[in-house]
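>>> got a sequence here, can you build the structure:
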Amino acid sequence: MSNNKFVLAVAQMGPVHLSDSRTAVVARLLEMMREAKSRGSQLVVFPELALTTFFPRYWLSEDEAHKRFFEPQMPNAQVQPLFDEARTLGIGFYLGYAELSTEGRPYNTCILVDPQANIVGKYRKVHLPGHADHKPDAPFQHLEKRYFDVGDEPWGVWETMGTRIGMALCNDRRWPETWRVMSLQGAEVVVLGYNTPSHNIHWVEPVHLRMHHHLITMQASAYQNCVWAAAAAKCGREDGFHMIGGSVIVSPTGEIAAQTMSEEDEVICVAADLDVGNAFRKNVFAFARHRRPEHYRLIVERVGPGEPLARKS
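Have a look, this model is predicted:
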């Protein structure tokens with residue numbers, strides 16, 4: 001163990017219903033922010049789309065969705081208390097929300113805010129799951145492809161709070177490219193929020209696999225990229241529609257350092273030893289010594305599967 005610690009908290013949220021106001025939601029976030037700070041945290045991670053219900057489950061006009069669920073400005077009057085309290089407490093935070101950009105484009109967005117309440121980083125979700133068409137026979141919709149544009153920049157890493165922090169959102173965590181792009185930028189900590197329905201409307205998937213795949217993805221990705229990984233769920237039954245919990249903080253060893261036990265508002269906290277990641281970067285995954293990108297070109301040349309490559313012999 002070393003003294004190179006970064007105290008990291010994850011603030012899981014229970015359900016946010018259609019009838020819940022932004023004011024009520026922000027009050028819940030403030031309570032968890034204060035708890036995280038009382039436990040010594042330097043950064044608290046909130047979920048994806050933390051300010052609203054998971055509205056892509058509903059078929060709405062784009063205009064109605066924009067008016068009800070999107071933030072044209074960040075911060076704004078309703079969210080400003082979160083920034084004010086972060087400055088007062090001296091704690092940073094990650095927040096996911098639906099963004100309507102100054103150009104009028106809709107994104108599934110997250111921001112990284114430092115302890116002085118400055119927005120130091122922004123990321124717009126790249127891997128949008130679901131569909132854009134109406135599926136009237138489905139038990140609910142998953143319309144991220146309808147309501148959001150694909151993010152306009154790749155995953156970033158920001159030097160702040162004494163470490164290097166990368167950001168992602170929900171479905172991004174399932175794709176190895178997400179993590180490797182941030183690891184190649186020297187990320188030491190990767191944070192993300194998610195809203196993951198328990199039921200898969202696209203194919204028959206046993207419910208237990210939703211949590212299983214979430215956890216093994218977080219663990220394998222943290223290990224293979226030498227990072228501390230923190231994931232915050234919004235979970236439970238939102239107006240009867242269930243989403244998984246399982247918010248976690250994972251070590252670069254691939255071990256779960258902390259995990260939530262409920263599907264309600266809950267804070268977990270870990271004093272993350274950053275030197276653990278450094279040890280893996282110098283030894284097992286010493287990229288500069290061992291990576292062979294000349295043999296990885298197919299990863300960026302093809303989107304989907306194709307024919308086997310021709311061999312020299």
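>>> count the neighbours of Arg146 for me.
19 (other CB atoms under 10 Å). Where C-beta positions appear, they are placed from N, C-alpha and C, glycine not excepted.
>>> that one should be in a helix, yeah?
Yes. Assessed by DSSP: H, G, I helix; E, B strand; the rest coil, Arg146 belongs to a helix.
>>> so who does the closest residue to it other than its chain neighbours touch?
The shortest distance from Arg146 to any non-neighbouring residue, by CB to CB, 6 or more residues apart in numbering, is to Ala132 (4.2 Å). By CB atoms under 8 Å, 6 or more residues apart in numbering, Ala132 lies in contact with Leu143, Lys145, Arg146.
>>> tabulate those residues (TSV), appending pLDDT and distance to His17.
Putting those into TSV (pLDDT from 0 to 100; distance: CB to CB, whole Å) gives the following:
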residue	pLDDT	distance to His17
Leu143	98	18
Lys145	98	24
Arg146	98	21
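>>> tell me how many other residues surround Arg68.
14.
>>> now do the SS call for it.
Per three-state DSSP, Arg68 ends up helix.
>>> would you agree it is in contact with Phe55?
Yes. In this structure, Arg68 is within contact of Phe55 by CB atoms under 8 Å, at 7.3 Å.
>>> can you put the contacts of Ala132 in TSV and add distance to Leu49?
Shown next, in TSV, are these (distance: CB to CB, whole Å):
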residue	distance to Leu49
Leu143	13
Lys145	15
Arg146	15
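>>> go through those and name the one nearest Ala286.
Comparing the contacts of Ala132 against Ala286 with CB to CB places Lys145 closest, at 38.7 Å.
>>> would you agree that closest one is in contact with Lys135?
No. Contact between Lys145 and Lys135 fails when scored by CB under 8 Å: they sit 11.9 Å apart.
>>> in contact with the spatially most central residue of the chain, which residues are there?
Centroid-nearest residue in the chain: Leu192, 2.0 Å away (criterion: CA atoms, centre = their mean). For Leu192, the contacting residues are 45, 48, 110, 167-170, 172-173, 229-232, by CB under 8 Å, 6+ apart.
>>> next: Leu89.
Taking CB under 8 Å, 6+ apart as the test, what Leu89 contacts is Met33, Arg34, Lys37, Pro115.
>>> if I look at it, how far off is Tyr107?
28 Å (CB to CB, to the nearest Å).
>>> alright, I will stop here.
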